[in-house]
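Colleague: Any chance you could fold what I've pasted below:
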Amino acid sequence: MAKRILHGEGMLTEAGRAEWESRNTRASALAASPYKKDFPLLSRNPDLAFLDSAATAQRPKAVLEAQKRFYEKMNANALRGLYRLSVDATEAINAARGHVARFIGLDERDDRRDIVFCRNTSEALNLVAHSLAPTVLGPGDEVCITVMEHHSNLIPWQQACRAAGATLVYLYPDGNGVIGEDEMRAKIGPRTKIVSAVHVSNVLGVANDVKLMAHIAHENGAVMVVDAAQSVPHFPVDVSDLGCDFLAFSGHKVFGPMGVGVLWGRHELLDAMPPFLTGGEMIESVTEQDATWAPVPEKFEAGTQDAAGIYALDAALTYVEEVGFDAMQAREQALVAQCMRRLSGLDFVRIIGPDDPAAHHGVVSFNVCGIHPHDVASILDMDNVAIRAGHHCAQPLLAHLGIDSCCRASFAFYNDSGDIDRLIEGLEHVWSMFHG
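Modeller: Residues are numbered from 1 along each chain as shown. Down below sits the predicted model:
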């Protein structure tokens, strides 16, 4: 298995090169990015090759200005005041909630009440595991996840299963990194109460067929949860089409601010779930001995929310819509194809994941033979190339692949071929430092 996923030779066939080139756009189209000027950090650091967008994306000027504008023009605690500033802040959050609903394929007026703002995907998934599991999970039941989950969609289910006396069941990919229907039907069955899966792997870049997974889950009476942290920034996500019951993503990966995340859930499920956190604004009434909860979504939004961040997330989604997913996807796929082709020309590099660059949604993981990924990343940083190195919060997947850690270059539409040039030159520098 590992040998099929970890390309043992690290080289492309001539046919493979031709196929990849045919999918690539003209080199001139990637030579310079027309988008870098929109991102202050990138435009002020023209020599930086930022290849870590899967960890956190850069923010366009429009997002930074939105966050600043909130604090300058409507800085007040939303939902808690009847004066003008507070009303403006409340309206800004409501507008953002509606925009998020529309962005993931829902009716912004009717379904925005089912958009819960959190700090990030991790908190959103913890909320679901903590609040949903006690309502559906008991001894002998099963929760099904994939071996490629980020720890944020793994540890909460470990804890939920331990508390309920349930069993955690894993789905495994084939040699191309794909979880097939046979594997799904073999693992998702009558005992399954919850299926929770990453939409796109943050290591392999592979998109799971969560629509089929949701269908099989529902055939067995299970609830489907989707971690969309790595999919929402790269292609359109429509929860109605996917047929899932919960979906979570982070603002900072979709060009918004850190500290803001989104959970969407089916209203009847959210309504039946107890709150995750308690405190201000999530209550309907409180007596000395008891309390009743506010309706969804306020029930899950205890305390003061990051109103400025939510307002800036609204601006980030607007920016994504203005660029357009078609343009983003075409550029990212071409960059990934070019990167994989260039890496395959280095006989000391091993690419991790499928042969087809179209299957790598913004992510190219690799290792340099005999050199630890942390050393690779540190030396690349000396050449102003920023990549990720380590286990990427996906240790079970790496163990399944037979490795302890790896390097990861991740792309967004603001990257260009110059960033790839600097990566390749940097890797040659890495190799020469160890081998003269």
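Colleague: lowest average confidence, helix or strand, in this protein?
Modeller: Here the helix or strand of the chain ranked lowest by mean pLDDT, DSSP states H and E is helix 2-5, holding a mean of 38.
Colleague: so what's the residue nearest in space to the middle of the chain up against?
Modeller: Taking CA atoms, centre = their mean, the centroid of the chain lies closest to residue 229, which sits 1.8 Å from it. For residue 229, the contact set (CB atoms under 8 Å, 6 or more residues apart in numbering) comprises 121, 150, 198, 202, 248-250, 253. The way it works is simple: take the backbone N, C-alpha and C, and place the C-beta from them, glycine included.
Colleague: Mark out where each domain of the protein begins and ends.
Modeller: The chain breaks down into these domains under automatic domain parsing: 2-51+325-435, 63-321.
Colleague: Which positions within stretch 52-70 qualify as buried?
Modeller: If you call a residue buried by 16 or more other CB atoms under 10 Å, then stretch 52-70 has these buried ones: 52-54, 57-60, 63-64, 66-67, 69-70.
Colleague: Kindly indicate which of those residues lies nearest residue 422.
Modeller: residue 52 (13.5 Å; CB to CB).
Colleague: What strand or helix carries the residue nearest to the centre of the chain?
Modeller: Under DSSP states H and E, no helix or strand contains residue 229.
Colleague: can you give me phi and psi for it?
Modeller: Taking degrees, to the nearest 10, you get phi -60, psi -40 for the backbone angles of residue 229.
Colleague: What sits closest to it if chain neighbours are left out?
Modeller: Residue nearest to residue 229 in three dimensions, not counting chain neighbours: residue 121, with 4.3 Å by CB to CB, 6 or more residues apart in numbering.
Colleague: so who does that neighbour touch?
Modeller: By CB under 8 Å, 6+ apart, the contact set of residue 121 is 152, 227-229, 248-250, 253, 261.
Colleague: hang on, the earlier thing: now the two most distant members of the contacts of residue 229.
Modeller: Among those, 202 and 248 lie farthest apart (CB to CB), at 13.9 Å.
Colleague: sorry, back to before: what's the spacing between the residue nearest to the centre of the chain and residue 199?
Modeller: Distance, residue 229 to residue 199, by CB to CB, to the nearest Å: 8 Å.
Colleague: I figured residue 133 hits residue 168, correct?
Modeller: No - using CB atoms under 8 Å, residue 133 is not in contact with residue 168, being 11.4 Å away.
Colleague: So which of these two has more stuff around it?
Modeller: residue 133 (24 against 16; other CB atoms under 10 Å).
Colleague: Helix, strand or coil: sort out that one for me.
Modeller: At residue 133 the chain is in helix, as set by DSSP: H, G, I helix; E, B strand; the rest coil.
Colleague: all strands of the stretch 101-250 of the chain, in order?
Modeller: Along the stretch 101-250 of the chain, the stretches classed as strands by DSSP state E, counting those that start in this stretch are 115-118, 142-146, 167-171, 192-198, 223-227, 246-250.
Colleague: next one: the shortest one to chain centre, how far?
Modeller: Offset of strand 115-118 from its chain centre (CA atoms, centre = their mean, to the nearest Å): 16 Å.
Colleague: May I see the buried residues of it?
Modeller: Result for strand 115-118 [16+ other CB under 10 Å]: buried residues 115-118.
Colleague: That one pairs with which strands, parallel or anti?
Modeller: Here strand 115-118 has these sheet partners by DSSP bridges: strand 261-265 (antiparallel).
Colleague: Against the centre of the chain, work out the most remote residue.
Modeller: Largest centre distance within the chain, by CA atoms, centre = their mean: residue 288, 41.9 Å.
Colleague: Specify the local secondary structure of that residue.
Modeller: Classification of residue 288 by three-state DSSP places it in coil.
Colleague: per-residue pLDDT, it?
Modeller: On the pLDDT scale, residue 288 is placed at 91.
Colleague: Same question for residue 169.
Modeller: At residue 169, the predicted lDDT confidence score is 98.
Colleague: dump the residue contacts of it.
Modeller: Neighbouring residues of residue 169 by CB under 8 Å, 6+ apart: 142-145, 187, 192.
Colleague: at 10 Å what do you get?
Modeller: Counting by CB atoms under 10 Å, 6 or more residues apart in numbering, residue 169 makes contact with 142-145, 161, 186-189, 191-192, 195.
Colleague: any low-confidence regions in this protein?
Modeller: Within the chain, the stretches with pLDDT under 70 are 1-28, 80.
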